[in-house]
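Visitor: dropping a prediction and its sequence here:
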Amino acid sequence: MAALRAWGGRADDLDVLSGLVVEAADTIDNAPQFAKVDSRIHQAITDLSGTQTLSVVAGMILNVMDEHKSLHLSVHGDDHERDTDELALRAYRRLLKLLTAGDVDGAVAHWRRFLRKIEPLVIADPDTTLVEVLP
């Protein structure tokens, strides 16, 4: 949320995010590829803040999450993620639409709702835990 609040409102800052949303749509049928784009989207959202420290910390967390996603896909298979990926794609499109319109408050509220909705789907899997992916 902090990244969205800190964003300066420059439309050209959204070019990277817009391209990634298109790439996400193009990879929706390939769960491993979509997972990689998903991480890049979350990093791009964080990067909107212009705060290097926030971007670096987010990158570190996303690296751990990437490992978790890989483990999750290896345990459950690609088809298991389709509904979640479609939900995420709709959320990315809505976020981009709100940011493009300059509605930062709406974007923050939307993103907060999305993260709350997706959280149990991402971390509540007893078959895969972050501990398993740590060296």
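Guide: Cool, the structure landed. On a predicted model such as this, the values are computed, not experimentally measured, just so you know.
Visitor: from the chain's centre, how far out is the host helix or strand of residue 61? Work that out for me.
Guide: Counting by DSSP states H and E, the element that carries residue 61 is helix 52-76. Put simply, helix 52-76 sits 10 Å off its chain's centre (CA atoms, centre = their mean, to the nearest Å).
Visitor: and if you look at stretch 16-24?
Guide: With CA atoms, centre = their mean, you get 11 Å for stretch 16-24.
Visitor: and stretch 85-96, by the same measure?
Guide: 9 Å.
Visitor: tell me, how many residues neighbour the closest residue to residue 40 other than its chain neighbours?
Guide: With CB to CB, 6 or more residues apart in numbering as the criterion, residue 40 has its nearest non-adjacent residue at 5.5 Å, and that residue is residue 20. (Glycine included, C-beta is placed from N, CA and C.) Taking other CB atoms under 10 Å as the criterion, the count of residues near residue 20 is 21.
Visitor: ok, the nearest residue in space to residue 54 that is not next to it in sequence - contacts?
Guide: Using CB to CB, 6+ apart and skipping residues adjacent in sequence, the residue nearest residue 54 is residue 46, 5.9 Å away. Taking CB atoms under 8 Å, 6 or more residues apart in numbering as the criterion, residue 46 is in contact with 3, 54-55, 58-59.
Visitor: residue 104: neighbour count?
Guide: Considering only other CB under 10 Å, residue 104 is surrounded by 15 other residues.
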